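> Prediction below, plus the sequence it came from.
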Amino acid sequence: MSDIDAIDWQPAATLASIHRRAQLLECIRRFFAHRGVLEVDTPALSSATTVEPHLQAMTTRCSVYKGGERLYPHTSPEFPMKRLLAAGSGAIYQICKVFRDGESGRHHNPEFTMLEWYRPGYDHIRLMDEMEELLASAVEASVPRAIRITYRQAFLDCAGVDPYAGADQLHDYIAGEGIDCAGDPNCDTIDYWRDLILTHRVEPNLDPAVPTFIYDYPASQASLARIRPGDPLVAERFELYWKGLELANGFHELGDADEQAQRFTADSVVRDSLGLEPVATDQRLLAALRAGLPPCAGVALGLDRLLMAVTGVQQIDQVLAFPVDRA
């Protein structure tokens, strides 16, 4: 066998899958064009990045940028897109590559394709409507009407436990279910217990044949979403599941710069407690919020996972021309 034959140069995805990706992208662009949503293009490199503890950004350097200071390939185009919204862009969407360190596996590749869009005047409920319309259009086949269920009700129905119970009760539930979390540095927080129950008991009990929106998350998991007063407080946020995959994460977007700065600071404290590298806060985003972000909702959809759901494959490598180990 020659050296050329030994090199794994061929694409991981079939040509049929590559054609289906092209059709999906064309369908998405047609969907938004018909609705007057503007396609935008923002930089993949930024001087700042997310400070969320569970998202790890990659880093690079460029000799012509401030003498080689660090830059971050974006984990999402969210921050620059919000700057466009504050500048008066109106409804916008973007299809782009994003990069996340430490994410590789059956459903993860460190580089993946994301669709993100923002709708001024929408809340997270109305954006779920449009998300469902996009799904039906993009799949180009019969898609069952989506189920919508609150985070709390999903826990009660699928796991038989209230996510707003105390940390001790959630810990006892996990121990009783035999869910292993030994050695994890996050395992003493209530949201860690909630996430374990979500991934081990709630998600596996969702009907994979029916798109399912879980919405109104605990306020402690708000990220960049608004918090709605009530008992309990909830974050106006949703996630979409279908075919056993988490496909999308949407928010009724927080527009208060001071509150966002406080959340960034809190996340930085958590990062420090976990021994993660400190990350600079995106001051340009905060300046845009102070200038005035229009009331809006936004959502990020993983297009590689959507293609997995559409084609019925089980590994993300099967829908990528060249996953990271062949790049």
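Perfect, I can see it now.

> Wasn't residue 230 part of a helix?
No - judged by DSSP: H, G, I helix; E, B strand; the rest coil, residue 230 forms no part of a helix; its state is coil.

> Need the phi and psi values for it.
Note on residue 230: its backbone torsions stand at phi 160, psi -170 [degrees, to the nearest 10].

> Residue 238 versus that one, what's the distance?
Computed with CB to CB, to the nearest Å, the distance linking residue 230 and residue 238 is 17 Å. In short, each C-beta sits where N, CA and C put it, glycine included.

> Next: residue 268.
Taking CB to CB, one finds residue 268 at 26 Å from residue 238.

> try residue 170
In terms of CB to CB, residue 170 sits 22 Å off from residue 238.

> more crowded one of the two?
Between residue 170 and residue 238, counted using other CB atoms under 10 Å, the more crowded position is residue 238 (26 against 22).

> Around residue 67, how many other residues sit close by?
8.

> Which parts of the stretch 101-250 of the chain are helices?
In the stretch 101-250 of the chain, helices defined by DSSP state H, counting those that start in this stretch lie at 124-139, 151-158, 167-177, 190-197, listed in chain order.

> Adding mean pLDDT and distance to residue 222, write those out as TSV.
Below are these laid out as TSV (pLDDT from 0 to 100; distance: least, CB to CB, whole Å):
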stretch	mean pLDDT	distance to residue 222
helix 124-139	95	11
helix 151-158	98	12
helix 167-177	89	18
helix 190-197	92	11
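
> closest one to residue 250 among these?
Taking CB to CB, helix 124-139 is the member of those nearest to residue 250, at 5.4 Å.

> In terms of secondary structure, what does that closest one contact?
helix 15-34, strand 111-120, strand 212-218, strand 234-242, strand 245-252, strand 296-302, helix 303-311 (3 or more CB pairs under 8 Å, 6 or more residues apart in numbering; DSSP states H and E).

> Is the residue positioned nearest the centre of the chain bridged to anything, and to what?
For the chain, residue 249 is the residue whose C-alpha lies nearest the centre (CA atoms, centre = their mean; 4.7 Å). When bridges are called by DSSP bridges, residue 249 pairs up with residue 239, residue 300.

> From residue 240, how far off is it?
The spacing between residue 249 and residue 240, counted by CB to CB, is 8 Å.

> Residue 248 against residue 299, yeah?
Yes - Residue 248 is in contact with residue 299 according to CB atoms under 8 Å; the separation is 5.4 Å.

> so what's in contact with those two at the same time?
131, 238 (CB atoms under 8 Å, 6 or more residues apart in numbering).

> Can you mark which positions in stretch 167-174 are buried?
170-171, 173-174 (16 or more other CB atoms under 10 Å).

> what does stretch 295-308 give?
Result for stretch 295-308 [16+ other CB under 10 Å]: buried residues 296-308.

> if you skip the residues just before and after it, what's nearest to residue 100?
Counting by CB to CB, 6 or more residues apart in numbering, residue 100 lies nearest to residue 75, which is 5.2 Å off, once chain neighbours are set aside.

> Share the number of residues neighbouring the one you found, please.
22.

> sorry, back to before: same list (the helices of the stretch 101-250 of the chain) but as a markdown table, adding distance to residue 101.
Formatted as a markdown table, the helices of the stretch 101-250 of the chain follow (distance: least, CB to CB, whole Å):
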| stretch | distance to residue 101 |
| --- | --- |
| helix 124-139 | 28 |
| helix 151-158 | 28 |
| helix 167-177 | 28 |
| helix 190-197 | 19 |
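
> closest one to residue 213 among those helices?
Nearest to residue 213, of all those, is helix 124-139, at 5.3 Å by CB to CB.

> and the closest one, how far from the chain's centre?
Put simply, helix 124-139 sits 16 Å off its chain's centre (CA atoms, centre = their mean, to the nearest Å).

> Now do that helix against strand 212-218, angle only.
Here the directions of helix 124-139 and strand 212-218 differ by 150 degrees (axes from the mean of the first three to the mean of the last three CA atoms, to 10 degrees).

> Now helix 124-139: buried residues?
Under 16+ other CB under 10 Å, the buried positions of helix 124-139 are 124, 127-128, 130-132, 134-136, 138-139.

> Residue 238 contacts residue 252, correct?
No - if you go by CB under 8 Å, residue 238 and residue 252 don't touch, sitting 9.1 Å apart.

> Name the residues contacting each of the two.
In contact with both residue 238 and residue 252: 124, 127, using CB under 8 Å, 6+ apart.
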